[in-house]
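Undergrad: fold the following, please.
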Amino acid sequence: MALNRRRLLQLGAASVALAASPRGAMAAFDPKPTGWRNFELVTKVSLPGGGETAQLWVPVPSVHGDGWMKPGAVNWESDADEVQIVNAPDSGTPMVHAVWGASQGPRKLTVTAQAQTQDFVVDLSKPGDVEPLDEVERARFTAATKLLPTDGIVKQTADSITRGKTGDLEKARAIYEWIVENTVRNPKTPGCGLGDIAFMLTSGDLSGKCADLNALFVGLARAAGLPARDVYGIRVAPSRFGYKSLGLKSDDATGAQHCRSEVWLSGFGWVPADAADVRKVMLQEGEGHLGLKDPKVVDVRAKLFGAWEGNWVAYNYAHDVDLPGSDGPELPYLMYPQAEIDGKRRDYLDAKDFTYQITARELSA
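TA: Numbers count the residues shown, from 1 in each chain. Now for the predicted structure:
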């Protein structure tokens with residue numbers, strides 16, 4: 001089978017000057033946009049042979065974040081019969097799609113993607129002259145989805161949290177603080193979680209990981225009338241503030257997927273929020289199980305509503321994702337490589353069932 005080597009898509013601008021990023025002892029968590037950093041993500045996937053057909057889908061950076069994220073070139077190398085960039089039907093989210101015919105040998109795909117990032121910070125001390133959100137975008141990011149309903153217990157909870165609050169900022173901050181105070185990071189949750197917020201609220205089990213806790217923020221914000229969205233991505237470097245829980249320990253990013261969230265506030269535009277990472281700091285920093293009054297927790301809690309560090313690359317905003325070319329079920333989100341052999345979806349969290357490795361490195365200027 002011929003080796004397929006192509007460069008198909010240039011999603012962003014070329015590399016620019018790289019900001020210095022000191023790493024050392026823990027410092028005050030204080031993200032500031034000090035310059036663009038250029039990262040390279042390499043995803044290597046191997047699927048077993050056996051005579052059946054196979055398909056593979058790999059997410060790539062595609063978010064254009066105003067002032068904080070620029071997707072770059074995507075390249076691949078594969079022995080597949082066909083490899084191309086395809087888009088999810090509803091959201092238009094791009095991904096690399098590889099197709100193999102019946103083969104006895106292993107199937108391989110390597111995707112190399114670049115992106116530029118920097119710290120994302122919004123000054124919430126006073127509103128500015130920000131154009132209103134486009135009505136199409138507003139409709140998209142206030143809509144209910146299968147796992148993000150905006151009625152029933154979700155609406156009741158949002159109304160309870162925001163009662164007496166005036167203005168977008170007060171409402172969004174109240175929801176963020178409620179999630180920090182009432183949820184728990186569960187290290188036993190598979191992957192990043194599912195994000196079934198109605199089940200979480202109905203059952204009273206407000207535990208999980210980032211795709212659960214930040215989905216709860218997004219769903220409650222939408223139920224309160226605020227446009228909000230999950231942002232699915234991956235950590236690509238250590239935290240320069242010394243927080244081991246908020247960055248990579250090495251260049252191995254295979255399990256570094258992380259979901260964040262944004263909310264649209266009048267006078268401010270899209271504002272970053274990551275309540276899930278506050279709970280991660282509480283569980284993992286120091287000797288673990290820190291309280292809400294611990295200085296490390298107080299520090300990140302204050303900053304992760306309105307800012308996040310640029311050691312993370314965003315893939316997409318997509319919910320309820322249909323994989324092009326697949327007859328299988330929708331995905332709640334696309335943050336991990338996905339594969340099918342003989343039409344059967346493989347478990348992306350089972351290394352014996354589906355083998356892939358993701359490495360991340362920072363490129364020099």
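Undergrad: helix, strand, or coil at V136?
TA: helix (DSSP: H, G, I helix; E, B strand; the rest coil).
Undergrad: look at the residue nearest to D299 when sequence neighbours are not counted and report its pLDDT.
TA: Nearest residue to D299, sequence neighbours excluded (CB to CB, 6 or more residues apart in numbering): F29, at 4.7 Å. Where C-beta positions appear, they are placed from N, C-alpha and C, glycine not excepted. Looking at F29, its pLDDT is 95.
Undergrad: what's the answer for V16, then?
TA: 31.
Undergrad: got it, and G288?
TA: 88.
Undergrad: could you give the number of residues near it?
TA: 10 (other CB atoms under 10 Å).
Undergrad: now it: phi and psi?
TA: The phi/psi pair for G288 (degrees, to the nearest 10) reads phi 90, psi 160.
Undergrad: now do the contacts for E262.
TA: A228, R229, V231, W270, V271, P272, A273 (CB atoms under 8 Å, 6 or more residues apart in numbering).
Undergrad: quick one: strands adjacent to the helix or strand where it lies?
TA: Secondary-structure assignment from DSSP states H and E places E262 in strand 257-265. Counting by DSSP bridges, the strands paired with strand 257-265 are strand 228-235 (antiparallel), strand 269-273 (antiparallel).
Undergrad: sorry, back to before: K303 versus the residue nearest to D299, what's the distance?
TA: Separation of F29 from K303 (CB to CB, to the nearest Å): 5 Å.
Undergrad: want to try TSV for the strands paired with strand 257-265, with mean pLDDT, distance to K165 and mean neighbour count as columns?
TA: TSV is the format used below for those (pLDDT from 0 to 100; distance: least, CB to CB, whole Å; neighbours: other CB atoms under 10 Å):
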stretch	mean pLDDT	distance to K165	mean neighbour count
strand 228-235	98	15	25
strand 269-273	98	16	23
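Undergrad: please enumerate the strands of the stretch 1-150 of the chain.
TA: Ranges of strands in the stretch 1-150 of the chain, per DSSP state E, counting those that start in this stretch, are 4-10, 37-47, 54-59, 69-78, 82-87, 94-100, 107-117, 120-121.
Undergrad: out of the ones you listed, deepest packed?
TA: Highest mean neighbour count of those: strand 54-59, a mean of 26 (counted as mean count of other CB atoms under 10 Å).
Undergrad: for it, packing partners?
TA: On a contact count with 3 or more CB pairs under 8 Å, 6 or more residues apart in numbering; DSSP states H and E, strand 54-59 meets strand 37-47, strand 94-100, strand 107-117, strand 338-341.
Undergrad: any idea how far stretch 230-241 is from the chain center?
TA: When C-alpha coordinates are averaged (CA atoms, centre = their mean, to the nearest Å), stretch 230-241 and its chain have centres 9 Å apart.
Undergrad: swap in stretch 207-224?
TA: On CA atoms, centre = their mean, the centre of stretch 207-224 falls 13 Å from that of its chain.
Undergrad: hang on, the earlier thing: looking at F29 and K303, which is more packed in?
TA: F29 (23 against 20).
Undergrad: could you report the separation of the more buried one from A73?
TA: 32 Å.
Undergrad: how close does the closest residue to S46 other than its chain neighbours get to M200?
TA: If the residues on either side of it in the chain are set aside, S46 comes closest to T355, at 4.6 Å by CB to CB, 6+ apart. Distance, T355 to M200, by CB to CB: 32 Å.
Undergrad: and if you look at A144?
TA: Distance from A144 to M200, by CB to CB: 16 Å.
Undergrad: same check, this time on S245
TA: 22 Å.
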